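1. Need a 3D model of the following:
(4 chains)
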Protein chains: 2
Amino acid sequence: MSADQITRIRDFSRAVAVEVGALEDSFLDRGRSLGAARVLNAIGIGYKNLSALRSFLQLDSGLLSRLLRGLEDEGLIETTTHPMDRRSRVSSLTEKGKQEFDLYEALSNERAAGILARHKDAPRLLQAMDVVTITLSRKDIVFEEVDYASAPAQHCLTAFADELSTRLNLTFDLKQSGDPELAQMKPPFGTFLVARLQGRPLGCVGVKGSGGPCAEIKRMWIAPSARGLGLARSMMTAAEEAARRLGIQTLRLDTNSTLFEAVSLYQNMGWHQIERFNADPYPDLFFEKHL
Amino acid sequence: MSADQITRIRDFSRAVAVEVGALEDSFLDRGRSLGAARVLNAIGIGYKNLSALRSFLQLDSGLLSRLLRGLEDEGLIETTTHPMDRRSRVSSLTEKGKQEFDLYEALSNERAAGILARHKDAPRLLQAMDVVTITLSRKDIVFEEVDYASAPAQHCLTAFADELSTRLNLTFDLKQSGDPELAQMKPPFGTFLVARLQGRPLGCVGVKGSGGPCAEIKRMWIAPSARGLGLARSMMTAAEEAARRLGIQTLRLDTNSTLFEAVSLYQNMGWHQIERFNADPYPDLFFEKHL
DNA sequence: ACATTTGCCTGACTTTAGTCAGGTAAATGT
DNA sequence: ACATTTACCTGACTAAAGTCAGGCAAATGT
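-> Residues are numbered from 1 along each chain as shown, chains lettered A, B, ... in the order given. Alright, predicted model coming up:
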């Protein structure tokens, strides 16, 4: 744990504290105490159960109770008992509360836009922020099976195609609507997985089947900001599990030897090299794995 | 100002608030109120003048006064009147206060080390943090004329040599102690500039003269984390000004055509291409500027 | 010279945050 | 069934943070 690294972390925290603090301060701009504003916003973003609110905001039961009553007196929230457990209570925004919440959102957006405006000539800032965001909250990344045609899937595929196009100096379009692969990457033949962090798509992988015992891994991609976190490995694992659930016994894939990191990942995960199984010009390495 | 960018800023702020908050919390670990701890630390890092303290910590005059008195009662600080203006007062740490300050520093380092430990398998995190830190606080970057042999200069030159070595697959050593260039890059012949952010060196440039009206720009380098901020331009400007102060009338430099960003910067700043003036194998483009 | 401003202190006050010991009603364990 | 636990509320309290008016001494303006 070098002193230099610690200094860099502390410099970082000092530098962002100012900007991030300004964003937090927007919660004070509407004449309400910070505590009350935080509760209102937590309810607005979906923490309705009081116990969830308490643990999210790290509030004492008594304190939360009082803040809630204050918001109720203002007519911003309503609290009812939980239908399953009548000890528990559930809060929700009233119409007036929603308006107030929207005002807080607008304020926060304004502050964020202010940060952006102050640094709009620093194109690398947002990318670097993404890397930090994703790394710090990578425990929250989830894998979802979605339709190949759904918005998050299309987001990944567009980004993937753009990346391939610039890297190989060719034009790729991986998501034509009439694509015959479309049917092969949804159940019962195959599936399509995306990795998401709080809704934002960070990567994808497709399992393309034909009803038989053999299927193919396609469209494996990780967003640049999410690389270096071992996401590829967990996404491959998730894809293999999904394939197993579909009754698939053997998976194949093609890749290019210049992608050495991917190649060593496959070898590391128990894939073994096989003979060429298609005539595509781009791939020059072929792998297989028995599930 | 796209909604997507605003979302990314807000996600970033949410993600770092947790970690940064934990670092701030270390101020509570020694049984003192947050306000008192912040004042003690602000004095420790150099804010001694009360008016400077007030604006740095955004404290009400009365509040600061009381916090200071509390610290005085603990024997941690001493306050004297300002020698120039006897209305103003200046605080400084006592021996006991210094010890207490060091304990806070140790706690903060510990927390930072904790963050590092939690993410040590994310090699890109620190780099990304550096980009964020430097971009957000780039207004604080200063240029200093230093000796070619000084620590910050050597830091830059080592990094520069390493970068050249890996990029060109050769071995460079730009800072041999017996280097004849050493004398030519200090007054009265030339100079050596480093760009620093709170002490950390971010880039360098040398002006190598021989006493005559003509000098050469050498060793121009910007730390990877500090690129994309226009630092190269301001560093070149600073170098030209320093050269002018030394009585130099013409500057020359050599570069390589693959460094297209540098080349377009030179053209943009009024340099014009000239004939080859040395026999080095690496450069293939030569520029000159009359000051 | 004298009014004004600046820099800081003091006292009196309010608000916010946070803690803790009960208390009630519903759910759960055995 | 009855003791225990859980989920929340209430009241009483303290500590910390923040506000404001006034005051004093030194500096400054004219």
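
2. avg pLDDT for stretch A:147-165?
-> Within the predicted structure, the mean pLDDT of stretch A:147-165 is 90.

3. Please enumerate residues in contact with it?
-> Stretch A:147-165 has contacts (C-beta atoms under 8 Å, 6 or more residues apart in numbering or on different chains) with A:144, A:146, A:170-175, A:177, A:181-182, A:185-186, A:192, A:194, A:196, A:201, A:203-204, A:206, A:219, A:221, A:223-224. The way it works is simple: take the backbone N, C-alpha and C, and place the C-beta from them, glycine included.

4. what residues does the stretch 1-150 of chain A put near DNA strand C?
-> A:32-36, A:59-63, A:67, A:85-87 (C-beta under 7 Å from any atom of the strand).

5. Need the CA coordinates for the strand or helix carrying residue A:155. PDB is fine.
-> In the assignment (DSSP states H and E), residue A:155 maps to helix A:151-168. Extracted C-alpha coordinates of helix A:151-168, given in PDB (Å, rounded to 0.1, in the frame of the first residue of the first chain):
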ATOM      1  CA  ALA A 151     -33.400  -1.200 -25.700                       C
ATOM      2  CA  PRO A 152     -30.500  -2.300 -23.400                       C
ATOM      3  CA  ALA A 153     -29.500  -5.000 -25.900                       C
ATOM      4  CA  GLN A 154     -29.700  -2.600 -28.800                       C
ATOM      5  CA  HIS A 155     -27.600  -0.100 -26.900                       C
ATOM      6  CA  CYS A 156     -24.800  -2.700 -26.400                       C
ATOM      7  CA  LEU A 157     -25.000  -4.000 -29.900                       C
ATOM      8  CA  THR A 158     -24.700  -0.500 -31.400                       C
ATOM      9  CA  ALA A 159     -21.700   0.300 -29.300                       C
ATOM     10  CA  PHE A 160     -20.200  -3.100 -30.100                       C
ATOM     11  CA  ALA A 161     -20.700  -2.500 -33.900                       C
ATOM     12  CA  ASP A 162     -19.200   1.000 -33.600                       C
ATOM     13  CA  GLU A 163     -16.200  -0.300 -31.800                       C
ATOM     14  CA  LEU A 164     -15.700  -3.100 -34.300                       C
ATOM     15  CA  SER A 165     -16.100  -0.700 -37.200                       C
ATOM     16  CA  THR A 166     -13.500   1.700 -36.000                       C
ATOM     17  CA  ARG A 167     -11.100  -0.900 -34.900                       C
ATOM     18  CA  LEU A 168     -11.200  -3.000 -38.000                       C
END
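
6. Would you mark the buried spots in it?
-> Residues of helix A:151-168 classed as buried: A:152-157, A:159-161, A:164 (neighbour count, 16 or more other C-beta atoms under 10 Å in any protein chain shown).

7. again, but for stretch A:42-53
-> For stretch A:42-53, by 16+ other C-beta under 10 Å, it's A:42-44, A:47-50, A:53.

8. Farthest pair within the residues of the stretch 1-150 of chain A next to DNA strand C?
-> A:34 and A:86 (31.6 Å; C-beta to C-beta).

9. who has more neighbours, these two?
-> residue A:34 (11 against 8; other C-beta atoms under 10 Å in any protein chain shown).

10. residue farthest from the centroid of chain A?
-> Distance from the centre of chain A peaks at residue A:73, with 37.2 Å (C-alpha atoms, centre = their mean).

11. and the gap between that one and chain B?
-> 29 Å (C-beta to the nearest C-beta, to the nearest Å).

12. Any figure for the gap between that residue and residue A:63?
-> Shown here: residue A:73 relative to residue A:63, a distance of 16 Å by C-beta to C-beta, to the nearest Å.

13. How about residue A:163?
-> For residue A:163, the distance to residue A:63 - C-beta to C-beta - is 49 Å.

14. got the contact list for the closest residue to residue A:29 other than its chain neighbours?
-> Excluding its sequence neighbours, the residue lying closest to residue A:29 (C-beta to C-beta, 6 or more residues apart in numbering or on different chains) is residue A:107, at 5.6 Å. Residue A:107 makes contact with A:26-27, A:29-30, according to C-beta under 8 Å, 6+ apart.

15. Just give me the closest of those to chain B.
-> residue A:26 (10.6 Å; C-beta to the nearest C-beta).

16. Would you mind giving me the confidence score for the closest one?
-> At residue A:26, pLDDT is 88.

17. repeat for residue A:175
-> 60.

18. Check residue A:36 too.
-> Looking at residue A:36, its pLDDT is 96.

19. Hmm, it is touching residue A:68, no?
-> No: Residue A:36 is not in contact with residue A:68 according to C-beta atoms under 8 Å; the separation is 9.0 Å.

20. So for the two, which residue has more residues nearby?
-> residue A:68 (22 against 19).

21. So for stretch A:43-56, mean pLDDT?
-> So the average pLDDT for stretch A:43-56 ends up being 95.

22. now check it, is it near chain B?
-> No: counting by C-beta under 8 Å from any C-beta of the partner chain, no contacts exist between stretch A:43-56 and chain B, the nearest distance being 10.1 Å.

23. and the residue of the stretch 151-291 of chain A nearest DNA strand D?
-> Here the residue of the stretch 151-291 of chain A nearest DNA strand D is residue A:198; by C-beta to the nearest atom of the strand that distance is 24.3 Å.

24. Show me the shaky parts of the stretch 1-150 of chain A.
-> Counting by pLDDT under 70, the ranges of the stretch 1-150 of chain A that qualify are A:1.

25. Mind checking which of the contacts of residue A:107 are in strands?
-> Applying DSSP state E to these, no entry is found in strands.

26. from the residues you listed, which would you call buried?
-> A:26-27.

27. Only the buried members of the contacts of stretch A:147-165: can you turn that into a ChimeraX selection?
-> This is how ChimeraX selects the buried members of those, with burial counted by 16+ other C-beta under 10 Å:
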select /A:146,172,174,175,181,182,185,186,192,194,196,201,203,204,206,219,221,223
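
28. Filter the contacts of stretch A:147-165 to keep only those in contact with chain B.
-> Okay, of the contacts of stretch A:147-165, nothing touches chain B (C-beta under 8 Å from any C-beta).

29. Which residue ranges of the stretch 51-200 of chain A form helices?
-> With DSSP state H, counting those that start in this stretch as the criterion, the stretch 51-200 of chain A has helices at A:61-73, A:95-118, A:123-136, A:151-168, A:181-184.

30. who's in contact with the shortest one?
-> With contact meaning C-beta under 8 Å, 6+ apart, helix A:181-184 is reached by A:148-149, A:189-190, A:206, A:208-210, A:218.

31. burial of the residue lying closest to residue A:25 once chain neighbours are set aside, as a residue count?
-> Leaving aside its sequence neighbours, residue A:25 sits nearest to residue A:111 (C-beta to C-beta, 6+ apart; 7.7 Å). By the criterion of other C-beta under 10 Å, residue A:111 has 22 neighbours.

32. I'd like to know how far residue A:111 sits from DNA strand C.
-> 18 Å (C-beta to the nearest atom of the strand, to the nearest Å).

33. Kindly report the same for residue A:235.
-> Taking C-beta to the nearest atom of the strand, one finds residue A:235 at 37 Å from DNA strand C.

34. those strands in the stretch 151-291 of chain A, which residues are they?
-> Using DSSP state E, counting those that start in this stretch, the strands found in the stretch 151-291 of chain A span residues A:191-197, A:200-208, A:214-222, A:250-255, A:272-273, A:285-290.

35. mind giving me CSV with the ones you listed and columns for mean pLDDT and distance to residue B:19?
-> Converted to CSV, those look like this (pLDDT from 0 to 100; distance: least, C-beta to C-beta, whole Å):
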stretch, mean pLDDT, distance to residue B:19
strand A:191-197, 96, 16
strand A:200-208, 94, 19
strand A:214-222, 92, 23
strand A:250-255, 93, 36
strand A:272-273, 92, 41
strand A:285-290, 94, 38
